[in-house]
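Visitor: attaching a predicted model along with its sequence, questions to come.
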Amino acid sequence: MNRAPVDEPLGWLGIVRLGLVQSAIGAIVMLATSLLNRVMVVEYALPAAVPAGLVAWHYAVQLSRPAWGHGSDRGNRRTPWIIGGMALLAGGALAATWALGIIAGGSVWGYALAVVAFAAIGAGVGAAGTSLLALLATRVAPARRAAAAAVTWIMMVFGIAVSAAVAGALVDPFSFVRLVAVVAGVAGVAFLVATLGIWGIERGAAAPVDRARAPAPQFRVALGAIWADRDMRRFTVFVFLSMLAYSMQDLILEPFTGLRFGLTPGQSTQVSSVQHGGVLLGMILAGLAGSAFGAQSATGLRHWIFGGCVGSAVALAGLALAALVGPGWPVLANIFALGFANGIFAVSAIGAMMALAGGGTGAAPGADAGLRMGVWGAAQAIAFGLGGLGGAVAVDGMRGATGSVPESFMLVFALEALLFLCAAALALRAQPQAEHFGREVTL
């Protein structure tokens with residue numbers, strides 16, 4: 001049977017262009033989860049539970065990621081789903097801002113609009129983000145996957161940082177009109193950047209003739225087929241456990257440094273930049289070294305994931321000891337080490353996702369990449385939604401039970417370390433076997 005030519009792997013310019021899309025996604029999500037969060041609580045004196053609940057709702061909506069991914073699989077093109085998702089994401093951010101103005105006016109309809117807006121934000125992230133990862137999985141050469149994961153995630157962090165700095169500078173002196181203008185400007189620029197980044201990437205891409213003519217399976221049938229894959233199930237559990245451990249410290253790390261080490265609010269805020277500095281360095285190392293050494297064999301990415309998870313567990317065990325020791329412990333160095341290990345495991349895990357999705361179980365390699373990425377994205381969303389809230393609730397519960405701040409934080413950090421060790425053990429078994437994985441990872 002005659003077959004159409006296989007798409008050429010993306011070069012570095014193409015990978016950077018997809019990184020711009022990831023940056024744009026991060027920039028708009030920052031508006032909803034950071035800027036609007038602060039404005040709701042501080043400027044409009046709403047209960048903190050309101051933005052927290054809306055952010056949790058946007059994670060819940062991302063359970064739809066498998067459906068978005070399957071849609072892009074069936075259409076055999078990712079670009080329309082990415083651009084459509086970005087439009088939904090930008091529109092959701094604008095609608096959330098308008099909802100805040102309605103809430104400030106005393107109308108209950110503002111809360112209803114906010115729920116709809118954050119649903120659009122979650123759906124937009126699901127549609128654009130899942131399709132983008134599927135495109136990376138199917139169009140990046142195996143030897144470049146670790147580096148591509150590092151590039152795109154570093155660019156996402158950069159996009160979040162730049163948009164936060166710009167929005168923070170322009171929103172002062174605060175007014176609702178200025179807030180709307182800033183959100184509209186950031187969302188509009190992000191949408192334009194994403195559209196330019198993705199435009200033409202898939203131009204001329206052709207699927208094999210027999211795949212194009214084959215009837216696309218229904219969602220339930222396709223989902224059942226990939227879930228029957230033992231490696232797929234194990235890796236999904238690994239994603240959930242590791243991301244749960246990764247996110248549990250989100251809401252407790254800065255309070256921990258203030259309560260146990262006496263850091264001022266300004267000093268505690270710097271904890272985040274110290275941690276993210278470590279994350280970026282770990283991502284760079286995993287991207288460069290993983291591509292140079294980790295992609296030469298079927299076990300390479302597995303070892304990087306295992307090392308990142310174990311390193312994260314060791315750093316969290318250090319924070320558990322820091323909770324007992326208190327002042328005198330090198331807490332900032334400990335937090336930097338945690339970020340560094342987190343960065344290594346995150347990039348390696350994303351590279352493994354790309355390899356697993358690029359293989360697939362369909363009629364051609366990568367035929368179900370979107371659905372696979374959607375399943376892992378849904379597992380990550382559940383973990384992130386539970387992790388941040390669960391860590392904070394666990395600390396409060398421990399403090400109520402023990403009456404001790406040091407012991408409360410020690411037990412929660414120790415639980416996170418244990419979760420990372422479980423994820424590390426699972427990672428050794430969650431990677432596909434050599435015969436399943438070989439042509440996707442070896443050169």
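Guide: Perfect, thanks for sending it.

Visitor: now do the strands in this protein.
Guide: Read by DSSP state E, the chain holds no strands at all.

Visitor: from Ala194, how far out is the residue most central in space within it?
Guide: Residue closest to the mean C-alpha point of the chain, counted by C-alpha atoms, centre = their mean, is Gln380 at 7.2 Å. Taking C-beta to C-beta, to the nearest Å as the measure, Gln380 falls 21 Å from Ala194. Any C-beta I mention is one placed from the backbone N, CA and C, and that applies to glycine too.

Visitor: once you drop chain neighbours, what's closest to the residue nearest to the centre of the chain?
Guide: Excluding its sequence neighbours, the residue lying closest to Gln380 (C-beta to C-beta, 6 or more residues apart in numbering) is Met243, at 4.8 Å.

Visitor: need the pLDDT of that neighbour.
Guide: Looking at Met243, its pLDDT reads 92.

Visitor: count of neighbours near it?
Guide: The number of residues packed near Met243 is 23, by other C-beta atoms under 10 Å.

Visitor: go on, Ala45?
Guide: Counted with other C-beta under 10 Å, Ala45 comes out at 8.

Visitor: flag the shaky bits of the protein, pLDDT-wise.
Guide: With pLDDT under 70 as the threshold, the chain has low-confidence stretches at 1-7, 204-216, 265-266, 268-269, 290-300, 358-366, 430-443.

Visitor: just checking, Ala27 touches Ile160?
Guide: Yes. Ala27 is in contact with Ile160 according to C-beta atoms under 8 Å; the separation is 6.4 Å.

Visitor: those two: which is more packed in?
Guide: Neighbours were counted for Ala27 and for Ile160 using other C-beta under 10 Å; Ala27 has more, 29 against 20.

Visitor: going along the chain, name the helices of the stretch 301-443 of the chain.
Guide: Ranges of helices in the stretch 301-443 of the chain, per DSSP state H, counting those that start in this stretch, are 331-359, 369-402, 405-430, 434-441.

Visitor: of all these, which one is nearest Ala123?
Guide: helix 369-402 (11.7 Å; C-beta to C-beta).

Visitor: so what does the closest one touch, helix or strand wise?
Guide: helix 49-61, helix 65-75, helix 109-139, helix 219-227, helix 230-247, helix 331-359, helix 405-430 (3 or more C-beta pairs under 8 Å, 6 or more residues apart in numbering; DSSP states H and E).

Visitor: buried stuff in it?
Guide: 369-392, 394-395, 398 (16 or more other C-beta atoms under 10 Å).

Visitor: kindly report the same for stretch 236-246.
Guide: Judged by neighbour count using 16+ other C-beta under 10 Å, the buried positions of stretch 236-246 are Thr236, Phe238, Val239, Phe240, Leu241, Ser242, Met243, Leu244, Ala245, Tyr246.

Visitor: give me the distance from that stretch to the chain's centre.
Guide: 12 Å (C-alpha atoms, centre = their mean, to the nearest Å).

Visitor: got it, and stretch 367-382?
Guide: 12 Å.

Visitor: again with stretch 80-89
Guide: Using C-alpha atoms, centre = their mean, the offset of stretch 80-89 from its chain centre is 17 Å.

Visitor: list the buried residues for it?
Guide: Buried residues in stretch 80-89, counted by 16+ other C-beta under 10 Å: Trp81, Ile82, Ile83, Gly84, Gly85, Met86, Ala87, Leu88, Leu89.

Visitor: likewise stretch 18-26?
Guide: For stretch 18-26, burial by neighbour count (16+ other C-beta under 10 Å) applies to Leu18, Gly19, Leu20, Val21, Gln22, Ser23, Ala24, Ile25, Gly26.

Visitor: from these, which land in helices?
Guide: Per DSSP state H, helices hold the following members of the buried residues of stretch 18-26: Leu18, Gly19, Leu20, Val21, Gln22, Ser23, Ala24, Ile25, Gly26.

Visitor: could I get the contacting residues of the fourth one?
Guide: Going back to what we said before, that points to Val21. Ile82, Met86, Ala128, Leu132, Val193, Ala194, Gly197, Ile198 (C-beta atoms under 8 Å, 6 or more residues apart in numbering).

Visitor: could you dump the residues you listed into TSV with distance to Val271 added?
Guide: Conversion of the contacts of Val21 to TSV gives the following (distance: C-beta to C-beta, whole Å):
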residue	distance to Val271
Ile82	34
Met86	32
Ala128	30
Leu132	30
Val193	30
Ala194	31
Gly197	32
Ile198	35
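
Visitor: could you work out the most separated pair of the buried residues of stretch 18-26?
Guide: Leu18 and Gly26 (13.1 Å).

Visitor: circling back: contacts only, for the residue nearest to the centre of the chain.
Guide: Contacts of Gln380 (C-beta under 8 Å, 6+ apart): Val239, Phe240, Met243.

Visitor: closest to Val186 out of the ones in helices among the buried residues of stretch 18-26?
Guide: Nearest to Val186 among these, with distances taken as C-beta to C-beta, is Ala24, at 9.7 Å.

Visitor: distance check, that closest one against Ala357.
Guide: 22 Å.

Visitor: which residue is the nearest non-sequential neighbour of Gly185?
Guide: The shortest distance from Gly185 to any non-neighbouring residue, by C-beta to C-beta, 6+ apart, is to Leu170 (7.6 Å).

Visitor: residues near the one you found, how many?
Guide: 13.

Visitor: swap in the one 4 residues further on?
Guide: For Phe174, the neighbour count with other C-beta under 10 Å is 11.

Visitor: same question, Arg203
Guide: 7.
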